[in-house]
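1. Sequence plus the predicted model coming up.
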Amino acid sequence: MMKLNTGITFFMALISGSVLAVEPIGRSLGSGIAVYPDVKAEVEHNDNIYLLENNTIDSVITRVSPGVTFKGDMPALQWQAGYRFEQAFYSEDGDDDYFDQDLNVDLDYELNSYHQIAFDAGFHDGHEARGAGSIEGGLALFLEAPDEYDEYDANLEYKYGADESLADFNAKLGSYQKRFEDNETRNGINISNADRDYDQWNALLGMDFTISPATKAVVELSNTEVSYKEDSDDFREGGTIRALAGFRWDITGKTTGEAKFGTSTRDFKNGDADSETRFSWSVDLTWKPQLQSSVAFYSAQSNDETYRVGNYIDNRYSQISWDHSFSTFIAAGLEGSLSHDDYVGSEREDDITSLSASVTYSPRIWMDVKASLKHENRDSEADNLDYSRQVFNVSVTLAL
């Protein structure tokens, strides 16, 4: 079955992006508070909406996504709060229609030039499309509707340091919850998703050491604990300890990024599953050979949650992209990615490659018109889970 937290891994090719983007002007409400409304409308043709290996089914999908963000700028406090919903309609089968919502808040408080506190929290009312959730392949057609879930997360971070500091320190605590609603088959049989509900607690300690004006050494230690709600003895319960070290740099403003390498250890409360230590990394680089052009590369290893297959997912993801502004009105982007998922404790391994290209036209600072084409392919060791699909999308975004 599909992993619960999607991860990704390496392929050199093409996908989408755009250096142009709407720049909302906002409306001042006084006292340092401003409001930024926006709306996005898109029409998409997907030639394999259920991710089937054979006898694929296509659909035109229409989406409307309005949102609003409030921002506050006080002497020591910057904050923002936003809400967005997305309504989608499928031409093939209205049972696939969905309504998703997002609510978030971010706070940054500066005690003084060396001490800062940041807090963020969010709520997401989302869905897993049929074929991309707990039931994959042809069996997904027997579901009455997509799986629906709620996500809650909150994070508190303390930072010590300033631009002139020889060393910076940060500590972060976070929590995450995922709760699924039950589903049913087309003939009315109830499908319980209670054993998919889980909690995560995260802790991170990090330090940066200045080596030169353009380079810092980075050390990071994190721990994530996972608890499933249905059964306290669930074999998937346990934790991940990750230790990374590397460098962060900004060279002449053209090359920026960071690269960290180390180990990731997954252990389990249930003795039936063996602990494992694997090589881990996180690389995020941006190169700007010209002001109007940029190349970005990202690669990372992560441990993700799974359902019914394996103990956990060892995910390795890489992506490379290129964005270029040909003028103040026209931009284009190419992107390529590869995700390798190893369902540890089972025979299943998946390779998902994605290629895409996009063109964006911005006739006004508050308006983007974008067209994109994406090809995606999965090669799976599991029977009947290979798929290939193409998605063509046209969207208009307006921001005030």
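-> Arrived safely, thanks for sending. Numbers count the residues shown, from 1 in each chain.
2. Hmm, G26 and A34 touching each other?
-> Yes - here A34 reaches G26: they are 4.2 Å apart, a contact under Cβ atoms under 8 Å. Backbone N, C-alpha and C define where each C-beta goes, glycine included.
3. Regarding the nearest residue to D73 once chain neighbours are set aside, what are the backbone dihedral angles?
-> Nearest-residue entry for D73: G32, 4.8 Å, with adjacent residues in sequence omitted and distances by Cβ to Cβ, 6 or more residues apart in numbering. G32 adopts backbone torsions of phi 80, psi 10, taken as degrees, to the nearest 10.
4. So what's the predicted local confidence for G32?
-> Looking at G32, its pLDDT is 91.
5. residues contacting it?
-> Applying Cβ atoms under 8 Å, 6 or more residues apart in numbering to G32 gives the contacts 72-74.
6. part of a helix, is G138?
-> Yes - counting by DSSP: H, G, I helix; E, B strand; the rest coil, G138 is found in a helix.
7. ok, it to S395 distance?
-> Distance, G138 to S395, using Cβ to Cβ, to the nearest Å: 31 Å.
8. Neighbour count: these two, which is higher?
-> Just comparing G138 and S395: by other Cβ atoms under 10 Å the higher neighbour count belongs to S395, 18 against 14.
9. need the contact list for the more buried one.
-> With Cβ under 8 Å, 6+ apart, S395 has these contacts: 40-43, 368-370.
10. please redo it, this time with the cut-off set to 7 Å
-> For S395, the contact set (Cβ atoms under 7 Å, 6 or more residues apart in numbering) comprises 40-42, 370.
11. E258 now?
-> 218, 246-248, 284.
12. Bridged to it, which residues?
-> Beta-bridge partners recorded for E258 (DSSP bridges): R248, D284.
13. ok, it to H375 distance?
-> As judged by Cβ to Cβ, E258 and H375 stand 30 Å apart.
14. now swap in T353 and tell me
-> 8 Å.
15. between these two, what contacts are shared?
-> With Cβ under 7 Å, 6+ apart, T353 and H375 have no common neighbours.
16. Find me the pLDDT at I25, would you?
-> As predicted, I25 sits at a pLDDT of 84.
17. what residue ranges in the stretch 1-150 of the chain score low on pLDDT?
-> 1-20 (pLDDT under 70).
18. follow-up on the earlier one: narrow the contacts of S395 to just the buried residues.
-> Taking 16 or more other Cβ atoms under 10 Å as the criterion, what is buried in the contacts of S395 is 40, 42, 370.
19. For H115, give me its contacts.
-> Here H115 is in contact with Y160 (Cβ under 7 Å, 6+ apart).
20. redo that, cut-off 10 Å
-> When contacts are counted by Cβ atoms under 10 Å, 6 or more residues apart in numbering, H115 touches 109, 158-162.
21. separation between it and L173?
-> Applying Cβ to Cβ, the value for H115 to L173 is 17 Å.
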